[in-house]
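Student: fold the following for me, if possible:
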Amino acid sequence: MVLPRRGLTQRGAWLVNWLLLASAAAIAALVGFRGHGAGLVRVRRLGTPTAADTLSLSQRVELLEAQLQAHTALGADPLAAEAPVAGVCTATTALCPEHCALQAKGVAKFATECDRAARAASATSGNACGRDYDHEVCLSAPSRPSSIKPYAFPQTGRRCTVLDFGIRQQPQFSEAMSLAYNCTVHAFDPSPVTLRWIQSSGLLDNGNIHFHQYGAGAIDGKTFFAGYNWDQVSIMHPFVAQACALSSNDTSLTNSSSVAMKQPFRRECRDAGVMHPGGSLEVNVRTLPSIMSDLGLAHVDIVKIDVEGSEFAFLSQALLHYAARGLPFPADQLALEVHHYTQSPLYGAARSPEVAELSQLLNTLGGMELFYRLLPGGWSDKPLQAELPPARYNLLSFISKAPRGTVLM
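Tutor: Take a look at the predicted model:
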């Protein structure tokens, strides 16, 4: 676990590495392992040899080192964490061509922008489908050194299972997966607009879709989300932004330098169009491990996450939970929208430390590789910037390094 250090002598590099590992070992020995929002003071391994068996000191140090590496980019290329890995996925879909084809036959109900489906069928970016189809899914991947056969979705002889976090009133992903690929879909959303819409929408007439009225979180319980005037909820609680300017209230000036000048301007401020109703909503949230346990699932084909900022805590908790048990992320694919992240010049132009850290943890702890990114650095939504700086977004898709069914267990 030696980390390369540019500009240090061999002895100096050895000393830095020794101090790093010694510090991590001391912390682990004194307080146990504490994860990002996971609430785990001492991580326990399940099943080997007993459910109460604690991680060894070296295992806790290894987890600490993985987090430190991801957080600081020590020993790693920070740009690589946001760069798709070439060749890991050979065919993708954004679901609109197959979804629109089913709507034309009267099977689907919620397909949108179908006039763009023909163009999207031959496009290289899922964005050609429009905003309701912005998550990219891998249909085939080559075999890996550890695999016995190439990956294909859906896999022959086994029904696929999908978890769809954040559907609001746009269930295109859920419906397309349930109809085009005959997947069992579990859809999740605590938004008031979703709870009002879901029962009369006709979505639940589809027997492959099961709706759960709670959200994704780093805890099992209740939390407070901010509500917005388009009925969305987010972990991001915006401040009241103000637009200020100088306005004239007295145009008279004295010519004498010995007499104080009358103030010709005053500072006037007004609300800058805050886009939320000013209150918080208490909603139920669950962690991924708890959801998987309640549904009786050990592994799923795809997890899609579009949860307005909760994705960082939700995924960090899940990754640390499974890594502490010697397990990768429990899905073959992850389709993810990231929200409200910063950009740092230390990471180069249009690079985000939060996104880079999450991507690195998905790789090192979760065993996932990035195969799709919509835009370098993502995009901003100017109407939100007054109250939610930094308001930036991006779409990422990951695939497991060892998808289920392609390796010998």
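Student: my read: F224 touches S310, true?
Tutor: No: with contacts counted by Cβ atoms under 8 Å, F224 stays clear of S310, the gap being 11.9 Å. For glycine as for every other residue, the C-beta is placed from the backbone atoms N, C-alpha and C.
Student: what about A83, how many neighbours?
Tutor: By other Cβ atoms under 10 Å, 12 other residues sit near A83.
Student: any idea how far apart the tips of stretch 96-111 sit?
Tutor: One end of stretch 96-111 to the other measures 7 Å (Cα to Cα, to the nearest Å).
Student: pick out whichever of F224 and S310 has more residues nearby.
Tutor: Neighbour totals were compared for F224 and S310, and S310 leads with 24 against 13 (other Cβ under 10 Å).
Student: residues in contact with that one?
Tutor: 215-218, 234-235, 285 (Cβ atoms under 8 Å, 6 or more residues apart in numbering).
Student: again, 10 Å this time
Tutor: With contacts defined as Cβ atoms under 10 Å, 6 or more residues apart in numbering, S310 is in contact with 165-166, 215-218, 223, 225, 233-236, 285, 339.
Student: those residues in strands, which ones?
Tutor: When the contacts of S310 are checked against strands (DSSP state E), the matches are 165, 215-216, 223, 225, 233-234, 285, 339.
Student: between those residues, which is nearest K304?
Tutor: F165 (6.6 Å; Cβ to Cβ).
Student: the closest one contacts I302, doesn't it?
Tutor: No: if you go by Cβ atoms under 10 Å, F165 and I302 don't touch, sitting 11.1 Å apart.
Student: have a look at those two and say which one is more surrounded.
Tutor: I302 (26 against 23).
Student: pLDDT of the host helix or strand of the more buried one, averaged?
Tutor: Remark: I302 resides in strand 300-305, with elements defined by DSSP states H and E. Strand 300-305 shows a mean pLDDT of 98.
Student: report the next helix or strand after that strand in sequence order.
Tutor: Per DSSP H and E, the first helix or strand lying C-terminal to strand 300-305 is helix 311-323.
Student: what about G366, which SS state?
Tutor: Look at G366: counting by DSSP: H, G, I helix; E, B strand; the rest coil, its state is coil.
Student: roughly how far apart are it and L179?
Tutor: Per Cβ to Cβ, to the nearest Å, G366 is found 29 Å from L179.
Student: P289 now?
Tutor: Taking Cβ to Cβ, one finds P289 at 29 Å from L179.
Student: who's more crowded, the two?
Tutor: The neighbour comparison of P289 against L179 (other Cβ under 10 Å) goes to L179, with 24 against 17.
Student: please look at that one and I209 and confirm they touch.
Tutor: Yes: here L179 reaches I209: they are 9.4 Å apart, a contact under Cβ under 10 Å.
Student: now the closest residue to K304 other than its chain neighbours: how far from S397?
Tutor: Counting by Cβ to Cβ, 6 or more residues apart in numbering, A335 is the residue found nearest to K304 once chain neighbours are left out, at 4.3 Å. Using Cβ to Cβ, we find A335 at a distance of 5 Å from S397.
Student: got any residues that touch both of those two?
Tutor: 94, 126, 135-138, 302, 304, 372.
Student: so which of those residues are in strands?
Tutor: Assigned to strands by DSSP E, the following of the shared contacts of A335 and S397 qualify: 137-138, 302, 304, 372.
Student: distance to W379 added to the residues you listed, as a markdown table?
Tutor: Converted to a markdown table, these look like this (distance: Cβ to Cβ, whole Å):
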| residue | distance to W379 |
| --- | --- |
| V137 | 21 |
| C138 | 23 |
| I302 | 24 |
| K304 | 19 |
| Y372 | 15 |
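Student: before we move on, back to that, what touches both of L179 and I209?
Tutor: When contacts are counted by Cβ under 10 Å, 6+ apart, L179 and I209 have V185 as shared neighbours.
Student: if we can go back for a sec, listing partners with orientation, what would you give for the strand holding I302?
Tutor: Strand 300-305 pairs in its sheet with strand 161-165 (parallel), strand 331-339 (parallel), by DSSP bridges.
Student: just send these back as CSV, with distance to R131 and mean pLDDT too.
Tutor: CSV is the format used below for the strands paired with strand 300-305 (distance: least, Cβ to Cβ, whole Å; pLDDT from 0 to 100):
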stretch, distance to R131, mean pLDDT
strand 161-165, 16, 98
strand 331-339, 11, 95
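Student: tell me the contacts of the closest residue to P142 other than its chain neighbours?
Tutor: Counting by Cβ to Cβ, 6+ apart, P150 is the residue found nearest to P142 once chain neighbours are left out, at 5.5 Å. Applying Cβ under 10 Å, 6+ apart to P150 gives the contacts 90, 140-144, 403, 406.
Student: which of the residues you listed count as buried?
Tutor: Neighbour counting by 16 or more other Cβ atoms under 10 Å classes 141, 144, 403, 406 among those as buried.
Student: show me the contacts for the third one.
Tutor: When the contact criterion is Cβ under 10 Å, 6+ apart, the partners of P403 are 138, 141, 144, 147, 150-153, 155, 299, 301, 331-333, 367.
Student: swap in 6 Å and give it another go.
Tutor: Neighbouring residues of P403 by Cβ atoms under 6 Å, 6 or more residues apart in numbering: 151, 332.
Student: quick one: low-confidence parts of the stretch 101-250 of the chain?
Tutor: 116-128, 146-147, 228-232, 236-250 (pLDDT under 70).
Student: where do the strands sit along it?
Tutor: 137-141, 151-152, 161-165, 184-188, 209-212, 215-216, 221-227, 233-234, 242-248 (DSSP state E, counting those that start in this stretch).
Student: having no further points to raise, I will conclude here.
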